[in-house]
Structure formats: C-alpha cells, structure tokens
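> Sequence unavailable; structure follows:
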Ligand SMILES: [Ca+2]
Ligand SMILES: [Ca+2]
Ligand SMILES: [Ca+2]
C-alpha cells in the first residue's frame with residue numbers, strides 16, 4: 001500500500017474512534033406518537049450519532065418522518081453545559097441528579113424540550129438518564145410533535161459506559177490523557193482540558209478517571 005493511502009486509512013480510523021455514537025446498537029430507537037421511530041445511533045455511519053458526555057449530549061437523531069434532530073454540537077460555549085440562551089449554544093444537558101434539561105433542534109419540527117422535570121417530575125416521568133441502568137427514561141416534549149417516549153421498556157435508548165479518562169477524545173486512554181490531567185492539575189474554571197468529569201476543576205477525581213480507564217479503548 002502506498003503511503004498516501006496508508007495515511008488516509010489511519011485518518012479514517014482515527015476519525016471513527018474520535019466521535020462514535022455511545023448509543024448501544026440493540027437499544028437505539030425511541031418512539032414518538034406523532035413522528036414514529038427515532039434512531040439515536042446511526043447518523044453518518046455512527047460517527048455523528050448521539051454521544052453521551054459527562055454533563056451533556058451531542059450528535060444527531062434521525063427520524064424517518066421529520067429528518068434530523070440535533071442534540072447539541074458537543075462544545076458548549078462555557079465548556080461545561082449548553083446555556084440554551086441562543087440557538088448557537090443550544091443542546092441537551094445532563095443535570096447532577098440525572099434529569100435532562102435544555103433543547104434539541106429538529107430541522108423540520110423546531111425545538112424539542114428535554115427539560116420536563118417541572119411538568120412531569122411529580123409523576124417521576126421527566127426525561128432523564130439513569131446512570132445505573134445506562135438508559136434514558138421519561139418523556140421529552142416538542143411543541144410540534146408531542147411526546148417522545150423514552151420510558152418504553154421494550155424499546156429503550158441505552159448508552160455504553162462512558163470512558164471518562166479520554167481527555168482528548170481520540171478513543172484511547174493513555175499517557176497523552178494523563179499528561180493533560182497532570183499539566184492542568186488544580187486548575188479551576190471552564191474549558192480546562194484535564195477536567196474529565198466537567199465539574200470545573202482538575203483534581204484527584206479526574207486523575208482517578210484516567211488511571212481507572214488506563215489503556216482502555218473507548219466507544
Ligand atoms: Ca458550540
Ligand atoms: Ca485519549
Ligand atoms: Ca473535574
């Protein structure tokens with residue numbers, strides 16, 4: 001194989017490892033009463049499907065009936081969570097208790113609200129991520145499409161375990177990630193590369209994330 005081809009092949013491999021959907025192949029569909037099935041994994045051959053970050057989601061959901069739904073661009077303006085104050089910084093966040101919050105954008109159906117705790121929290125049916133079961137639950141609401149059901153046990157959306165130590169998101173936890181944590185150790189504030197859990201500080205919790213996932217190949 002000539003070197004140009006080899007370079008292309010390794011670039012393609014690196015690309016797929018960098019941004020692969022974290023939704024499980026057997027648990028990738030959710031149902032909406034008005035738009036039918038939505039697929040959370042397969043956008044762009046899984047490279048652009050929904051991805052779970054410690055405190056937010058990113059990627060694209062495909063609906064056969066209404067097209068693309070964008071969960072967020074993976075880069076909140078403050079590096080911590082989407083503000084949802086402007087369309088450019090909109091997306092779905094994960095709150096500390098697992099409840100989802102914020103807005104997804106459907107190219108043909110407008111805003112979809114994942115922050116349903118105020119409406120459905122009393123019933124325990126708010127849209128949320130159950131980190132023990134690794135599955136989404138509850139209901140999201142779109143003004144134009146009604147409910148999206150994440151609660152159906154037969155057809156649930158589940159995520160592979162998050163590889164928290166992969167600071168540079170290249171699909172491997174290795175010395176490069178360890179180095180990022182050590183070189184930003186004790187730094188506080190947004191946009192710190194070594195902050196693996198997105199809590200605004202690089203500390204022992206982040207070091208522990210790298211060490212406990214060390215040499216792991218991530219999803
Ligand atoms: Ca952004
Ligand atoms: Ca890495
Ligand atoms: Ca941290």
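Yep, it's here. These numbers were taken from a predicted model, which means no experiment stands behind them. Numbering: from 1, shown residues only. Ligands and ions are numbered 1, 2, ... in the order given.
> which residues touch residue 194?
167, 180-185, 187, 202, 206 (CB atoms under 8 Å, 6 or more residues apart in numbering). (C-beta placed from N, C-alpha, C; glycine too.)
> tally of neighbours for residue 151?
Residue 151: 20 surrounding residues under other CB atoms under 10 Å.
> Quick one: residues contacting it.
Contacts of residue 151 (CB under 8 Å, 6+ apart): 125, 137-139.
> for this protein, which spans come out with low pLDDT?
1-19, 219 (pLDDT under 70).
> Get me the contact residues on it for ligand 3.
Within reach of ligand 3 by CB under 5 Å from the ion, the chain has these residues: 195, 197, 199, 206.
> Let me know the helix or strand that the second one is in.
In the assignment (DSSP states H and E), residue 197 maps to no helix and no strand.
> And it, how far from residue 128?
Distance, residue 197 to residue 128, by CB to CB, to the nearest Å: 18 Å.
> do the same with the last one
Using CB to CB, residue 206 is found at 25 Å from residue 128.
> helix/strand/coil for the nearest residue to residue 32 once chain neighbours are set aside?
Ranked by CB to CB, 6 or more residues apart in numbering and with sequence neighbours excluded, the top spatial neighbour of residue 32 is residue 148, at 4.5 Å. Per DSSP: H, G, I helix; E, B strand; the rest coil, the secondary structure class of residue 148 is strand.
> Which stretches in this protein count as strands?
Ranges of strands in the chain, per DSSP state E, are 29-32, 36-39, 51-52, 57-63, 67-72, 92-94, 100-106, 110-113, 128-130, 135-137, 139-142, 146-149.
> Show me which residues of the chain are close to ligand 2?
Checking the chain against ligand 2 by CB under 5 Å from the ion, the hits are 166, 168, 170, 172, 177.
> Out of those, grab the one that's most surrounded.
residue 177 (27 neighbours).
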